[in-house]
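Trainee: build the 3D model from these lines:
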Amino acid sequence: EDQAIVTVKNAKCDETDVYIPNAFTPNNDGSNDIFIPRSHFIDEMELIIYNRWGQEVFRTTDKNRGWDGTFNGKPLNPDSYAYYLKVVCVNAEEYVKRGNVTLIR
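Mentor: Model prediction:
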């Protein structure tokens, strides 16, 4: 005979459950090489990255694909880039966030 305690965490679909890095270092060292929101609760995602002039440099709707700091296959310079993120969580709640991410080389 044994006993187990199971704790169920309800998805909040906000900044407490959707982690968005504020910087990343795409230098192929295996650490922080990709800018990607992380959460156990994301069901659908749209992520768009813009440079400082408002030009779109990256877009994805694949929740498993992040930005590697390139545009048209070429590495971008260190800078601050704007992002737009829209996620739908497993509980059908929607979370939208706009902000900046710093690309460090």
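Trainee: correct me if wrong: Ile36 contacts Trp67.
Mentor: Yes - Ile36 is within contact range of Trp67, at 7.3 Å (criterion: Cβ atoms under 8 Å). Bear in mind the C-beta positions are built from the backbone N, C-alpha and C, glycine included.
Trainee: can you list residues touching both of those two?
Mentor: Common neighbours of Ile36 and Trp67, using Cβ atoms under 8 Å, 6 or more residues apart in numbering, are Leu47.
Trainee: and the two? which has more neighbours close in?
Mentor: Trp67 (23 against 19; other Cβ atoms under 10 Å).
Trainee: and that one, what's its pLDDT?
Mentor: We have a pLDDT of 98 for Trp67.
Trainee: now stretch 19-27: how far from the chain's centre is it?
Mentor: 9 Å (Cα atoms, centre = their mean, to the nearest Å).
Trainee: what does stretch 75-87 give?
Mentor: 10 Å.
Trainee: so which bits of it are buried?
Mentor: For stretch 75-87, burial by neighbour count (16 or more other Cβ atoms under 10 Å) applies to Leu76, Tyr81, Ala82, Tyr83, Leu85, Val87.
Trainee: same deal with stretch 47-62?
Mentor: Going by 16+ other Cβ under 10 Å, stretch 47-62 has these buried residues: Leu47, Ile48, Ile49, Tyr50, Asn51, Val57, Phe58.
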